[in-house]
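Colleague: quick one, structure for this:
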Amino acid sequence: MRLPAEPAGRKAARGLLGASATSGDIRIMYEIAPLLDDPIHNLKTIRDLYRWAVTELETSDLSFGHGSPSALEDASFLICRALELPFENFDMFLDAALTHNELVRIVHLIDRRVHDKTPTAYLLKEAWLTEHRFYIDERALIPRSYIAELLEEDLAPWAADPEAVHSVLVLCTGSGCLAILAQGAFPNAKVTGSDISQAALEVAKINRRDYDMEETLELVQSDLFENLQGRRFDIIISNPPYVTTEAMERLPSEYRHEPALALAAGADGMDVVRRILAEAADHLTEEGFIVVEVGDGLEAVEAAFPGLPITWLSVSGGDDQVFLAQRADLAQYFKTQH
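Modeller: Predicted structure coming up:
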């Protein structure tokens, strides 16, 4: 009669303990075998945790498009900020031991990143844009606008004198990050951030409080210009929804954690941009201009607005991500369209 095969775990235990192992030794080893691969029992230092995290992320079907371009950087950001360590000195802590609670908490976060495909920014409730930290949760889009780079330069040369800018509107403000950066760039301006989503504005309120701008930064719930009638601004800034219907269907799981309202924009991705540009001239001062981010939508913009004088601005993502249009050109263009 053929005897049943020895279970794999028990066989492995016998191999580890040696031929002289008693059945009791093997039973104990077999029972604890699952712990041998448990990171909670095997990882001791930040370096250990970092190596394990990179492997977990690299070997999982993940998308990296929310600030960290690779598993290496995503793991670094997650561990560094979960431990509230400074980016610039992270290396000096790599051989520091982790407490049990720290290890359990971060392993749980990495497990959610791998299995739930939750973006790291949502796990940490923290996102960075240029050198600025913002609170974020799933009520608002994770900050990642190229317009932030332009605001770091005060929108030069288009805004010749930042101190002479008196009013700025940030449409589709979401978490409020661009409105906060605009307030910093234009210290004398009344900055207004508007969004159709009251839930997103609650996130913006947290960031407004964190940056001590509750007395200066206005937040308005509005479907684009609906609740802003009669008001004009020197500058309008917008990073609106611009994802096409086809692209929405192909979005990686990570992006499905974000509000669809902040992404979806119809067949060509221009549904919201059309509405914004059609009304922008009525809400800009005489010498005013609008800056709009459209992702890789250059061809869609040119197809939707043939003949409209616009200037494509150079950002780190290329020269086809963000455009600028002057009030006078918008007024003339849409006058001839009717």
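Colleague: check contacts around the spatially most central residue of the chain.
Modeller: For the chain, residue 142 is the residue whose C-alpha lies nearest the centre (CA atoms, centre = their mean; 2.8 Å). For residue 142, the contacting residues are 66, 67, 119, 121, 122, 127, 136, 258, by CB atoms under 8 Å, 6 or more residues apart in numbering. From N, CA and C alone the C-beta is placed, and that goes for glycine too.
Colleague: so it, which of the three states?
Modeller: Following DSSP: H, G, I helix; E, B strand; the rest coil, the label given to residue 142 is coil.
Colleague: cool, residue 208 as well?
Modeller: Classified using three-state DSSP, residue 208 is helix.
Colleague: what residues are up against it?
Modeller: For residue 208, counting by CB under 8 Å, 6+ apart, the contacting residues are 176, 179, 180, 214, 217, 219.
Colleague: quick check: the farthest pair among these?
Modeller: 179 and 214 (12.5 Å; CB to CB).
Colleague: which one's more surrounded, these two?
Modeller: Using other CB atoms under 10 Å as the criterion, residue 179 and residue 214 rank with residue 179 on top: 29 against 10.
Colleague: check contacts around that one.
Modeller: Going by CB under 8 Å, 6+ apart, residue 179 touches 168, 170, 173, 191, 192, 193, 204, 208, 217, 219.
Colleague: so for the lengthiest helix in the chain, what's the average pLDDT?
Modeller: Looking across the chain with DSSP state H, the single longest helix is helix 100-115. Per-residue pLDDT over helix 100-115 has a mean of 94.
Colleague: which outside residues touch that helix?
Modeller: 39-40, 43, 49, 53, 56-57, 60, 62, 74-75, 78-79, 82-83, 98, 118-120, 123-124.
Colleague: tell me the least confident of the contacts of residue 142?
Modeller: Within those, lowest confidence goes to residue 67 (78).
Colleague: could you measure that one against residue 199, distance?
Modeller: 21 Å (CB to CB, to the nearest Å).
Colleague: does residue 287 really touch residue 235, like I thought?
Modeller: No: here residue 287 does not reach residue 235: they are 10.1 Å apart, not a contact under CB atoms under 8 Å.
Colleague: more neighbours: these two, which one.
Modeller: Using other CB under 10 Å as the criterion, residue 287 and residue 235 rank with residue 235 on top: 25 against 10.
Colleague: list buried residues within the contacts of helix 100-115.
Modeller: Buried members of the contacts of helix 100-115, scored by 16 or more other CB atoms under 10 Å, are 39, 43, 49, 53, 56-57, 62, 74-75, 78-79, 82-83, 98, 118-120, 123-124.
Colleague: got the contact list for the closest residue to residue 175 other than its chain neighbours?
Modeller: Of all residues not flanking residue 175 in the chain, residue 140 sits nearest, at 4.2 Å (CB to CB, 6 or more residues apart in numbering). The contact partners of residue 140, taken as CB under 8 Å, 6+ apart, are 174, 175, 197, 199, 200, 203, 204, 259, 262.
Colleague: how deep is the fifth one tucked in, by neighbour count?
Modeller: By the measure other CB under 10 Å, the count of residues near residue 200 is 25.
Colleague: tell me the domain ranges of this protein?
Modeller: What automatic domain parsing lists as the domains of the chain is 38-124, 129-336.
Colleague: tell me the most buried of those domains?
Modeller: Comparing the domains of the chain by mean neighbour count (mean count of other CB atoms under 10 Å), domain 129-336 ranks first with a mean of 19.
Colleague: next one: it to chain centre, how far?
Modeller: 15 Å (CA atoms, centre = their mean, to the nearest Å).
Colleague: just for the chain, where's the confidence low?
Modeller: 1-37, 338 (pLDDT under 70).
Colleague: can you do 90?
Modeller: 1-42, 61, 63-69, 87-88, 296, 335-338 (pLDDT under 90).
Colleague: what are the ranges of the helices in it?
Modeller: Using DSSP H, helices in the chain cover 8-17, 23-32, 39-42, 46-58, 71-82, 100-115, 120-124, 147-152, 177-185, 198-210, 245-249, 271-280, 298-304, 327-336.
Colleague: any chance of TSV for those helices, columns distance to residue 89?
Modeller: Shown next, in TSV, are those (distance: least, CB to CB, whole Å):
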stretch	distance to residue 89
helix 8-17	40
helix 23-32	38
helix 39-42	25
helix 46-58	12
helix 71-82	9
helix 100-115	17
helix 120-124	18
helix 147-152	24
helix 177-185	25
helix 198-210	23
helix 245-249	39
helix 271-280	42
helix 298-304	40
helix 327-336	47
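Colleague: next one: residue 59 from residue 46, what distance?
Modeller: From residue 59 to residue 46 the distance is 20 Å (CB to CB).
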